[in-house]
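Asker: return atomic coordinates for the entry below.
(chains A, B, C and D)
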2 protein chains.
Amino acid sequence: MTETAEDLGGERKRGSGVRLVYEMLRDEILTLALPPGRPIDEVNLAERFGMSRTPIREALVRLAGEGLVETLPNRSAIVANIDFTKLYTFFDAITLMYRVTTRLAAEHHRPEDLEIIRAHQARYAATVAAQDPLAMIAVNRDFHAAIAEAGRNPYYTALTLRLLDEGRRILRLYYQSFNDRLPKEYSDEHEGIINAIAARDVELCDRLAREHADQIVRQIKQFFSRDMRQDVKL
Amino acid sequence: MTETAEDLGGERKRGSGVRLVYEMLRDEILTLALPPGRPIDEVNLAERFGMSRTPIREALVRLAGEGLVETLPNRSAIVANIDFTKLYTFFDAITLMYRVTTRLAAEHHRPEDLEIIRAHQARYAATVAAQDPLAMIAVNRDFHAAIAEAGRNPYYTALTLRLLDEGRRILRLYYQSFNDRLPKEYSDEHEGIINAIAARDVELCDRLAREHADQIVRQIKQFFSRDMRQDVKL
DNA sequence: TGCATTTTATTTGTCGACATAAATTCGGCG
DNA sequence: CGCCGAATTTATGTCGACAAATAAAATGCA
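Answerer: Now for the predicted structure:
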């Protein structure tokens, strides 16, 4: 799947190796290029990135801290599995975080925040028009992350980011099942949320964020319950 | 402060070193034995724990992932500072998490959860009676962590744990200002919460959790605003 | 042939050492 | 006397190698 020889050019600056590996692995995990459960071999990665195992391990430890890889003692680390039995807790949490962060964004956003949010939304619409699900999923995450940032509560932002990242993998599964054809309905909902934030209408933000979350959750629930039934058949 | 020669006995099992360092450092940070801003020297720790720098670094990376230490590139890591300008976001977040986790505990708890929660509360009362603020703070954290666990939403639990840990440092500062004399009022509030969970009364749990949080927040806010005023005077 | 046990092999956990970047000290110059 | 720059020092980032533990393979036995 992944090309063997990556050969990332020449000299890297001291300290940049870890971040490089971290970001690259993270992206491959979140796009499902590395599927859940796949073993992660340290020496393999060390060769691929042309560096020692030490920075590789540090990147893996950080990813493990975010719950993106699971490390079994004395055994290969693996890409974190998606626990479908806990999907409902995920939906519950992300719905609450959408509501809370959007509310706070309405209260605390500054002009420059809105610019950033609108820029993400423009990119989002472009990815939908281009039928590029991978980019769409990534930008959708950036959009809501920007809203959370505008809310200026780092604790909520941190949880929201974690949920959004986990959501990238779930959405990837979801859209793959449709051969990656994208509906564009979310685009309108995003516009409504932006306007509500700009108007500083806290209650409207709450309602729109909840509806936005409910809509996605409903679709994915439907999809996975279908999938569950098929699984049960064996 | 910290004894130089710790000399933790003899052989350790392969893989246990990291957890040992991680837990010990974590405890020292949360009890303020290591004050915010203090530099953390890797070789120093390596000598103290009688192991190489490698496991020390891994423990530090994990602690950095939880926001308990800050690592500056090519410079000493330091114990994470407490950002008092973001105290209000902390209060907001922990109030919400108290409410949400207690609500969920009312819905999803099982008999064994209640036993655990009650056991923590018993220990809590004991620490208050013994006027042991350090233990009291630690057990208070365990009490609310057990409630979060009973709510069975790992995302909420994770954020709650992070907030509770950060809260340990703040509470330590708070009680230090009173020469570590403890009021026992919280004990009764805890009992009320336990009863509401046992009765599966979601709305009552919400109200009691909010009041419990508000009460603590009010006191600490008062304390820190007093402190702020003094700071302004220079 | 099938199962248990030993042997091999692979991969992680840890170590000690070197390279490098920043902080500090020292020295020169204006 | 003070400031700027170079040398020194200190601590981190990275490396290659060894040891331990698990998985896989091979062997022996019933």
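Asker: tell me if stretch A:82-101 is near chain B.
Answerer: Yes. Shown here: stretch A:82-101 in contact with chain B (Cβ under 8 Å from any Cβ of the partner chain) through A:86, A:89-90, A:92-93, A:96, A:100. The C-beta positions use only the backbone N, C-alpha and C, and glycine is treated the same way.
Asker: looking at those residues, which are in helices?
Answerer: Using DSSP state H, A:89-90, A:92-93, A:96, A:100 are the members of those that sit in helices.
Asker: in chain A, which spans are strands?
Answerer: Remark: strands assigned in chain A by DSSP state E are A:39-40, A:69-70, A:77-79.
Asker: need those in CSV with mean neighbour count, can you?
Answerer: What follows is the strands of chain A, written out as CSV (neighbours: other Cβ atoms under 10 Å in any protein chain shown):
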stretch, mean neighbour count
strand A:39-40, 16
strand A:69-70, 18
strand A:77-79, 19
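Asker: and of these, who's closest to DNA strand D?
Answerer: Nearest to DNA strand D, of all the strands of chain A, is strand A:39-40, at 10.0 Å by Cβ to the nearest atom of the strand.
Asker: next up, the contacts around whichever residue of chain A sits closest to chain B.
Answerer: Relative to chain B, the nearest point of chain A is residue A:65 (3.4 Å; Cβ to the nearest Cβ). Applying Cβ atoms under 8 Å, 6 or more residues apart in numbering or on different chains to residue A:65 gives the contacts B:61-62, B:65-66.
Asker: and those, which two are furthest apart?
Answerer: The distance between the two most remote of the contacts of residue A:65 (Cβ to Cβ) is 10.2 Å, for B:61 and B:66.
Asker: and these two? which has more neighbours close in?
Answerer: Neighbour tally, residue B:61 and residue B:66, criterion other Cβ atoms under 10 Å in any protein chain shown: the higher count belongs to residue B:61, 23 against 17.
Asker: how close does the residue lying closest to that one once chain neighbours are set aside sit to DNA strand D?
Answerer: Nearest residue to residue B:61 in three dimensions, chain neighbours excluded: residue A:61, at 5.0 Å (Cβ to Cβ, 6 or more residues apart in numbering or on different chains). Residue A:61 is 12 Å from DNA strand D, where distance means Cβ to the nearest atom of the strand, to the nearest Å.
Asker: what about residue A:61, distance to residue B:27?
Answerer: 20 Å (Cβ to Cβ, to the nearest Å).
Asker: residue A:200 now?
Answerer: Per Cβ to Cβ, residue A:200 is found 44 Å from residue B:27.
Asker: okay, domains of chain A per the record?
Answerer: For chain A, the structural domains run A:16-79, A:84-233, going by automatic domain parsing.
Asker: including mean pLDDT and distance to residue B:211, could those domains go into a markdown table?
Answerer: Shown next, in a markdown table, are these (pLDDT from 0 to 100; distance: least, Cβ to Cβ, whole Å):
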| stretch | mean pLDDT | distance to residue B:211 |
| --- | --- | --- |
| domain A:16-79 | 95 | 33 |
| domain A:84-233 | 91 | 20 |
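Asker: residues near the nearest residue to residue A:86 once chain neighbours are set aside, how many?
Answerer: In space, and not counting its chain neighbours, residue A:86 is closest to residue B:154: 6.4 Å by Cβ to Cβ, 6+ apart. The local packing of residue B:154 (other Cβ under 10 Å) involves 16 other residues.
Asker: now the one 10 residues further on
Answerer: Residues within reach of residue B:164, counting by other Cβ under 10 Å, total 23.
Asker: you'd agree it is up against residue B:145?
Answerer: Yes. Contact criterion Cβ atoms under 8 Å: residue B:164 and residue B:145 qualify, at 6.0 Å.
Asker: longest helix of chain A?
Answerer: Looking across chain A with DSSP H, the single longest helix is helix A:202-233.
Asker: quick check: which of the domains of chain A is nearest to residue B:36?
Answerer: That would be domain A:84-233 among the domains of chain A, by Cβ to Cβ, at 16.2 Å.
Asker: pull out the buried positions in stretch A:22-31.
Answerer: Neighbour-count burial for stretch A:22-31 flags A:22, A:24-26, A:28-30 (criterion: 16 or more other Cβ atoms under 10 Å in any protein chain shown).
Asker: residues contacting residue A:211?
Answerer: Going by Cβ under 8 Å, 6+ apart, residue A:211 touches residue A:189.
Asker: could you dump stretch A:78-85 to PDB, C-alpha only?
Answerer: Presented in PDB, the C-alpha positions along stretch A:78-85 are these (Å, rounded to 0.1, in the frame of the first residue of the first chain):
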ATOM      1  CA  ILE A  78      -0.900  -1.000  16.400                       C
ATOM      2  CA  VAL A  79      -3.100   1.700  14.900                       C
ATOM      3  CA  ALA A  80      -5.900   2.300  17.400                       C
ATOM      4  CA  ASN A  81      -9.000   0.300  16.700                       C
ATOM      5  CA  ILE A  82     -12.300   2.100  16.400                       C
ATOM      6  CA  ASP A  83     -14.500   0.800  19.200                       C
ATOM      7  CA  PHE A  84     -17.900   0.700  17.600                       C
ATOM      8  CA  THR A  85     -19.500  -0.200  20.900                       C
END
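Asker: spatially central residue in chain A, please.
Answerer: residue A:165 (2.4 Å; Cα atoms, centre = their mean).
Asker: I'd say it and residue A:142 touch.
Answerer: No. Assessed by Cβ under 8 Å, residue A:165 is found out of contact with residue A:142, at 11.2 Å.
Asker: and chain A, which of its residues are near DNA strand D?
Answerer: Proximity of chain A to DNA strand D, by Cβ under 7 Å from any atom of the strand, involves residues A:12, A:14-18, A:51-55, A:58, A:73-75.
Asker: list only buried entries from the residues you listed.
Answerer: A:17-18, A:51, A:55, A:58.
Asker: which of these sit farthest apart?
Answerer: A:51 and A:58 (10.8 Å).
Asker: mind checking the end-to-end distance for stretch A:75-83?
Answerer: Stretch A:75-83 has an end-to-end distance of 21 Å (Cα to Cα, to the nearest Å).
Asker: follow-up on the earlier one: go through the contacts of residue A:65 and name the one nearest residue A:222.
Answerer: For these, the nearest to residue A:222 is residue B:65 (35.2 Å; Cβ to Cβ).
Asker: how close does the closest one get to residue A:64?
Answerer: Counting by Cβ to Cβ, the gap from residue B:65 to residue A:64 is 9 Å.
Asker: the residue of chain A found nearest DNA strand C: neighbouring residues, count only.
Answerer: As assessed by Cβ to the nearest atom of the strand, DNA strand C sits closest to residue A:42 within chain A, at 3.6 Å. Using other Cβ under 10 Å, residue A:42 is surrounded by 15 other residues.
Asker: which parts of chain A sit against chain B?
Answerer: Going by Cβ under 8 Å from any Cβ, the residues of chain A near chain B are A:14-15, A:54, A:57-58, A:61-62, A:65-66, A:73-74, A:86, A:89-90, A:92-93, A:96, A:100, A:152-156, A:158-159, A:162-163.
Asker: rewinding a little: switch the domains of chain A over to a markdown table; also include distance to residue B:174.
Answerer: Below are these laid out as a markdown table (distance: least, Cβ to Cβ, whole Å):
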| stretch | distance to residue B:174 |
| --- | --- |
| domain A:16-79 | 29 |
| domain A:84-233 | 19 |
